[in-house]
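Chemist: Need coordinates for the below:
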Amino acid sequence: MRYVVLKDEKEFFTYQLEAIYQYDEDEWKYICSHDNVLPAMWEPFRGIVGKSVFENIDELLNELKAEPEYTQYF
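Modeler: Residues are numbered from 1 along each chain as shown. Model (predicted):
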């Protein structure tokens, strides 16, 4: 798992928790037909992508540290 911090063109920050998604057998067979593909990818954890928007990185980090997943895994 990882947290990804995103910054938009207006200098606002947001974040999301991501987990590694492993392909199932059918997906893997399809992917193997392509070059330069890895056996897994990062995706939003539990499909959650919406988070608050922050004006600076310090505000974001304070909020992030209060996340249940952050305190459990990091």
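
Chemist: Ignoring the adjacent residues along the chain, who's closest to E43?
Modeler: Distances taken as CB to CB, 6 or more residues apart in numbering place Y21 nearest to E43, at 4.5 Å, with adjacent residues excluded. Quick note: C-beta positions are derived from backbone N, CA and C, even for glycine.

Chemist: what separates that neighbour from L6, distance-wise?
Modeler: Distance of Y21 to L6, given as CB to CB, to the nearest Å: 19 Å.

Chemist: The residue nearest to V53 when sequence neighbours are not counted - how many residues pack around it?
Modeler: Excluding the flanking residues, the one nearest V53 by CB to CB, 6+ apart is F12, at 4.9 Å. Residues near F12, counting by other CB atoms under 10 Å, number 14.

Chemist: Then F54?
Modeler: F54, neighbours per other CB under 10 Å, totals 19.

Chemist: hang on, isn't it packed against D8?
Modeler: No: between F54 and D8 there is no contact under CB atoms under 8 Å: 10.8 Å.

Chemist: rewinding a little: any idea how far the residue nearest to E43 is from A66?
Modeler: 26 Å.

Chemist: cool, D35 as well?
Modeler: 43 Å.

Chemist: one step back: spit out the contact partners of the residue nearest to V53.
Modeler: V53, F54, E55 (CB atoms under 8 Å, 6 or more residues apart in numbering).

Chemist: Among D35 and A66, which residue is more densely surrounded?
Modeler: Higher neighbour count among D35 and A66: A66, with 8 against 5, using other CB under 10 Å.

Chemist: What are the phi and psi values at the residue nearest to V53?
Modeler: phi -90, psi 150 (degrees, to the nearest 10).

Chemist: all helices in the protein, in order from the N-terminus.
Modeler: Taking DSSP state H, the helices of the chain run over residues 25-32, 57-65, 68-73.

Chemist: now what about the longest one, what contacts it?
Modeler: If I follow you right, that is helix 57-65. Y3, V5, F13, T14, Y15, S52, F54, Y70, T71.
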